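In: give me a model of this one.
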Amino acid sequence: MRRILLTVLLLGAGLVHGSELPETDWLQLMPKSDQKALEAMPEIDHDSPEGDGTFTEKGGMKQSKGLPAVMYSTKTVASMNDKKIRIGGYPVPLESDAKGRSTLFFLVPYPGACIHVPPPPPNQLVLVRYPKGLKLDDIYTPLWVAGTLKVEQVTNDLADAAYALDAATVRVVQESDL
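Out: Here you go, the predicted model:
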């Protein structure tokens with residue numbers, strides 16, 4: 001009985017090998033009002049110096065002026081706070097340990113978000129803290145990140161995020177996951 005209870009608890013936490021938390025969709029991090037605003041938004045012009053590969057001193061992910069308000073949205077979904085999730089995305093490395101493993105990075109919903117114009121809204125960026133670190137060879141490598149999500153406003157020179165995640169596990173998405 002004790003063994004069954006422990007297995008149930010570990011399964012619920014997504015910690016038993018081969019058993020992962022269900023996938024959280026990026027749209028679950030965005031309030032319905034923002035989803036509707038994005039659907040109604042006109043097409044964005046990508047003709048800019050950043051779109052051609054020229055970046056200003058502020059970095060590539062900060063939102064430039066003049067976009068629809070939803071592109072700056074920090075509105076969050078309260079029920080996601082302190083929730084254990086597993087989400088797929090792409091890394092934008094911020095800090096590494098002495099061995100070159102990324103310990104702090106933004107997770108973004110599509111590859112190359114650090115160079116695309118415009119970047120995702122802050123409620124579609126997640127700051128990931130992963131003290132164990134992960135060797136990242138390529139920002140175009142998709143990752144699964146699992147841990148506890150927090151509604152937390154994060155601002156740095158590169159980007160603004162509306163969520164942070166204390167990662168328990170980070171792994172590269174495998175062909176068998178698809």
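In: just checking, next helix/strand downstream of the helix-or-strand element of the chain with minimal mean pLDDT?
Out: Least confident helix or strand of the chain, by mean pLDDT, DSSP states H and E, is helix 2-12 with a mean of 34. As assigned by DSSP states H and E, the chain's next helix or strand after helix 2-12 is helix 32-40.
In: so for that next one, what gets flagged as buried?
Out: Within helix 32-40, the residues that count as buried by 16 or more other C-beta atoms under 10 Å are Asp34, Ala37, Leu38. (Glycine included, C-beta is placed from N, CA and C.)
In: list just the nearest of those to Leu104.
Out: The closest of these to Leu104 turns out to be Asp34 (C-beta to C-beta; 25.9 Å).
In: what is the closest residue to Asp177 other than its chain neighbours paired to in the beta sheet?
Out: Nearest residue to Asp177, sequence neighbours excluded (C-beta to C-beta, 6 or more residues apart in numbering): Trp144, at 7.3 Å. Beta-bridge partners for Trp144, by DSSP bridges, are Gly88, Arg171.
In: try Glu95
Out: Counting by DSSP bridges, the residues bridging with Glu95 are Leu104.
In: for it, list the residues it contacts.
Out: Ser102, Thr103, Leu104, Phe105 (C-beta atoms under 8 Å, 6 or more residues apart in numbering).
In: who wins on neighbours among the residues you listed?
Out: Within the contacts of Glu95, neighbour counts (other C-beta atoms under 10 Å) peak at Phe105, which reaches 26 neighbours.
In: where does it land on pLDDT?
Out: As predicted, Phe105 sits at a pLDDT of 96.
In: was I right to think it contacts Gly133?
Out: No: between Phe105 and Gly133 there is no contact under C-beta atoms under 8 Å: 10.0 Å.
In: what about Lys135, neighbour count?
Out: Neighbours of Lys135 under the rule other C-beta under 10 Å: 10.
In: now swap in Tyr140 and tell me
Out: 9.
In: quick one on the thing from earlier: the residue nearest to Asp177 is in contact with Leu178, isn't it?
Out: No: because the distance of 11.5 Å does not satisfy C-beta under 8 Å, Trp144 is recorded as not touching Leu178.
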